[in-house]
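Asks: This is a predicted model, with the sequence first.
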Amino acid sequence: MSGINHEALEHALNMLPDRYRGPAGVVGVVKDGEVIARRAWGFADMERRLPMTTASRLPICSISKHMTCALLLDMFDGPEALDPLLPELLPSFEGPLPRVADLCHNQSGLRDYWALTVLQGAAPEAVFTEEDGLRLLSQARSGHFAPGMAYSYSNGNFRLLAELIRRASGRDFGELLRERIFGPAGMTGAVLAPDTRERLDGVIGFEGNDTVGFLPAKSGIFWFGDAGISASLDDMLAWERHIDATRNDPKSLYNRISVPVCFADGKPASYGYGIRREPLAGYDITSHGGGLRGFCSYRMHIASERLSIVVIFNHEASAMRAAWSLMEAALGCRIGEDAVPAEGWSGLWLDDAQGLYLRTEEQKDGVRLNYATAPSLCTPVADGVLRARDIVLRRDGERLLMERPGENLSVEAKPVAPVEWADGAGIAGSYVSDEIGAKLKIEARDGAAYVGFEGMLGLGPVESMYPLADDLWVITTRRSMDAAPPGDWTVQIRRGSSGEVSGLTLGCWLARNIEYRRI
């Protein structure tokens with residue numbers, strides 16, 4: 001067990017407001033069961049000049065997921081106890097259903113329902129009710145991989161878990177959290193606040209940055225299980241102290257949700273029961289982050305050092321990076337590799353199996369990989385090998401090989417020739433997806449292409465569409481109902497034997513390989 005560099009930690013804490021600029025933030029550090037740092041700076045509401053405090057409740061967003069799983073294990077012998085109830089929630093699913101354990105570990109293969117709201121015509125600030133959530137989840141006919149075989153982040157997994165717990169117990173989900181999670185941990189202010197329009201303690205989230213300014217963020221989604229808990233810094237530090245106090249009890253909830261999990265083929269998985277497990281700077285950590293429009297949160301626990309760090313912002317700077325900086329200061333470690341330039345890596349590729357494009361771009365500090373929801377910076381670590389967080393890139397002739405072991409995913413991507421421009425008039429028209437019961441319309445206007453989505457949530461805003469290669473396009477979704485938007489959608493145009501457009505395949509990292517036919 002290491003000691004703490006208190007002087008370095010104090011300096012790192014002092015630097016947070018400048019390095020992660022925004023209206024306000026809270027941060028706390030627990031060591032050996034005691035709070036050694038507690039900070040709250042800035043304003044919960046800038047217009048009303050309401051100060052942020054350690055007692056101000058903020059949405060912790062997806063950090064809620066591991067508490068949902070802890071509640072499940074506290075109430076039932078194991079996830080399998082709820083398996084018989086799952087078919088009722090997925091009545092349209094074809095093929096083997098995922099297990100409830102697959103939901104807990106993000107191994108269900110179900111497409112993320114917040115990503116699907118874009119395809120269902122949602123406006124980013126529209127109201128999305130509890131009933132909307134269940135209806136959208138119930139429409140699933142398939143997943144984008146077989147249950148248990150891989151990892152894919154899916155908020156709907158945990159929304160289903162909460163619904164299963166509620167139906168099996170006949171109890172209100174918020175009451176169960178208060179009774180079995182918040183109460184024993186001493187989280188006296190924590191509540192389930194599923195309606196994001198509700199602003200507890202006057203706290204407002206802000207969009208923007210220090211360059212363009214900050215505006216109050218608007219959200220109308222209703223969520224629980226996947227998120228929905230609001231808690232103060234004091235509440236979250238009580239939770240971390242509770243984790244430490246029960247560290248030697250193998251039956252404690254945090255120890256139970258921290259056990260190693262595997263994929264169906266026996267390979268180890270880095271995500272399970274709503275928390276991520278990974279090595280970081282030589283330490284094994286458990287962690288999770290979260291986001292809602294206007295908020296960003298992150299908590300991490302290093303069991304070997306009895307050290308926990310919590311960071312929450314009411315803006316969208318990286319709470320994870322902020323927490324990492326405190327870990328580096330406290331333990332005198334360093335996260336990440338030295339920046340090294342790489343040559344011969346820039347290119348455009350297509351992952352046929354996932355239906356997603358990849359772009360690699362050489363930069364002075366490594367290679368930028370665009371593939372999943374956010375770009376990754378890959379650094380050369382050996383001859384012909386690049387590495388990033390849980391990513392390994394190699395070249396094999398013209399192909400790009402990518403290993404993502406935490407997701408049990410191996411990718412062989414073929415190169416494609418990029419184009420500067422393509423005429424969208426040839427693909428313009430209306431398309432329908434039988435898989436998700438939604439439509440899209442592509443319009444071409446004087447050399448530019450756009451797409452609009454329509455479905456159970458109405459007519460969504462028009463999105464820009466750009467050509468990548470012949471019959472390969474990208475749709476850029478930077479705003480959606482959820483804080484982390486789907487990002488890039490890959491569009492592959494399908495043609496018949498005579499060359500006419502017959503349909504397209506659309507997918508993003510969170511919702512892959514959705515087929516549309518041309519109307």
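Replies: Great, that's in hand.

Asks: Neighbours of residue 319, how many?
Replies: By the criterion of other Cβ atoms under 10 Å, residue 319 has 28 neighbours. Backbone N, C-alpha and C define where each C-beta goes, glycine included.

Asks: Pretty sure residue 298 is one of the things it touches, is it not?
Replies: Yes. Using Cβ atoms under 8 Å, residue 319 is in contact with residue 298, at 3.9 Å.

Asks: Residues that sit against both of the two, list them.
Replies: Residues touching both residue 319 and residue 298 (Cβ atoms under 8 Å, 6 or more residues apart in numbering): 289, 311, 312.

Asks: Could I get the pLDDT score of the first one?
Replies: At residue 289, the predicted lDDT confidence score is 97.

Asks: dump the residue contacts of it.
Replies: Counting by Cβ under 8 Å, 6+ apart, residue 289 has contacts 61, 62, 63, 296, 297, 298, 299, 319, 320.

Asks: for the last one, same thing?
Replies: With contacts defined as Cβ under 8 Å, 6+ apart, the neighbours of residue 312 are 25, 26, 27, 58, 60, 233, 236, 295, 296, 297, 298, 319.

Asks: picking that back up, any chance of JSON lines for the contacts of residue 289, columns secondary structure, distance to residue 251 and pLDDT?
Replies: Shown next, in JSON lines, are the contacts of residue 289 (DSSP: H, G, I helix; E, B strand; the rest coil; distance: Cβ to Cβ, whole Å; pLDDT from 0 to 100):
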{"residue": "61", "secondary structure": "helix", "distance to residue 251": "28", "pLDDT": "97"}
{"residue": "62", "secondary structure": "helix", "distance to residue 251": "26", "pLDDT": "97"}
{"residue": "63", "secondary structure": "helix", "distance to residue 251": "23", "pLDDT": "98"}
{"residue": "296", "secondary structure": "strand", "distance to residue 251": "33", "pLDDT": "97"}
{"residue": "297", "secondary structure": "strand", "distance to residue 251": "28", "pLDDT": "98"}
{"residue": "298", "secondary structure": "strand", "distance to residue 251": "27", "pLDDT": "98"}
{"residue": "299", "secondary structure": "strand", "distance to residue 251": "22", "pLDDT": "98"}
{"residue": "319", "secondary structure": "helix", "distance to residue 251": "31", "pLDDT": "98"}
{"residue": "320", "secondary structure": "helix", "distance to residue 251": "30", "pLDDT": "97"}
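
Asks: Nearest to residue 328 among the residues you listed?
Replies: For the contacts of residue 289, the closest approach to residue 328 (Cβ to Cβ) belongs to residue 320, at 12.7 Å.

Asks: What number of neighbouring residues does the residue nearest to that closest one when sequence neighbours are not counted come out with?
Replies: Leaving aside its sequence neighbours, residue 320 sits nearest to residue 298 (Cβ to Cβ, 6 or more residues apart in numbering; 4.4 Å). Counted by other Cβ under 10 Å, the residues lying close to residue 298 total 26.

Asks: mind listing the helices for the stretch 201-350 of the chain?
Replies: Taking DSSP state H, counting those that start in this stretch to define them, one finds helices in the stretch 201-350 of the chain at 233-245, 253-257, 319-331.

Asks: which other residues reach the second one?
Replies: The contact list for helix 253-257, computed with Cβ under 8 Å, 6+ apart, reads 66, 69-70, 73-74, 181, 242-243, 246-247, 249, 272-275, 301.

Asks: Surely residue 158 is in contact with residue 66?
Replies: No. Residue 158 is beyond contact range of residue 66, at 9.5 Å (criterion: Cβ under 8 Å).

Asks: Roughly how far does residue 339 sit from residue 379?
Replies: Distance, residue 339 to residue 379, by Cβ to Cβ, to the nearest Å: 7 Å.

Asks: tell me, what's touching those two both at once?
Replies: 365, 366.

Asks: So between these two, which is more surrounded?
Replies: Neighbour count, other Cβ under 10 Å: between residue 339 and residue 379, residue 379 has more, with 18 against 11.

Asks: My guess is that one contacts residue 341. True?
Replies: No. Residue 379 lies out of contact with residue 341 (Cβ under 8 Å); the separation is 9.6 Å.

Asks: what touches both of these two?
Replies: Common neighbours of residue 379 and residue 341, using Cβ under 8 Å, 6+ apart, are 365, 366.

Asks: pLDDT score for residue 479?
Replies: pLDDT, residue 479: 88.

Asks: Hmm, residue 123 and it touching each other?
Replies: No. Using Cβ under 8 Å, residue 479 is not in contact with residue 123; the gap is 9.6 Å.

Asks: Pull the number of nearby residues for residue 498.
Replies: Residue 498: 6 neighbours (other Cβ under 10 Å).

Asks: That one and residue 422, how far apart?
Replies: From residue 498 across to residue 422, the span is 20 Å (Cβ to Cβ).

Asks: and if you look at residue 244?
Replies: Shown here: residue 244 relative to residue 422, a distance of 57 Å by Cβ to Cβ.

Asks: same check, this time on residue 403
Replies: 32 Å.

Asks: more crowded one of these two?
Replies: residue 422 (20 against 16).

Asks: The more buried one contacts residue 465, correct?
Replies: No. Using Cβ under 8 Å, residue 422 is not in contact with residue 465; the gap is 10.0 Å.

Asks: Mind listing the shared neighbours of the two?
Replies: residue 473.

Asks: who does the lowest-mean-pLDDT helix or strand in the chain touch, helix- and strand-wise?
Replies: Within the chain, no helix or strand scores below strand 376-382, which has a mean of 89 by mean pLDDT, DSSP states H and E. In terms of contacts (3 or more Cβ pairs under 8 Å, 6 or more residues apart in numbering; DSSP states H and E), strand 376-382 is packed against strand 366-370, strand 385-388, strand 391-396.

Asks: can I get the CA coordinates of it in CSV?
Replies: Provided in CSV are the C-alpha atoms of strand 376-382 (Å, rounded to 0.1, in the frame of the first residue of the first chain):
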residue,chain,number,x,y,z
SER,A,376,-8.7,7.5,-29.7
LEU,A,377,-5.0,8.5,-29.8
CYS,A,378,-2.9,5.5,-30.6
THR,A,379,0.9,5.5,-29.8
PRO,A,380,3.6,3.4,-31.4
VAL,A,381,4.8,0.8,-28.8
ALA,A,382,6.7,-1.7,-31.0
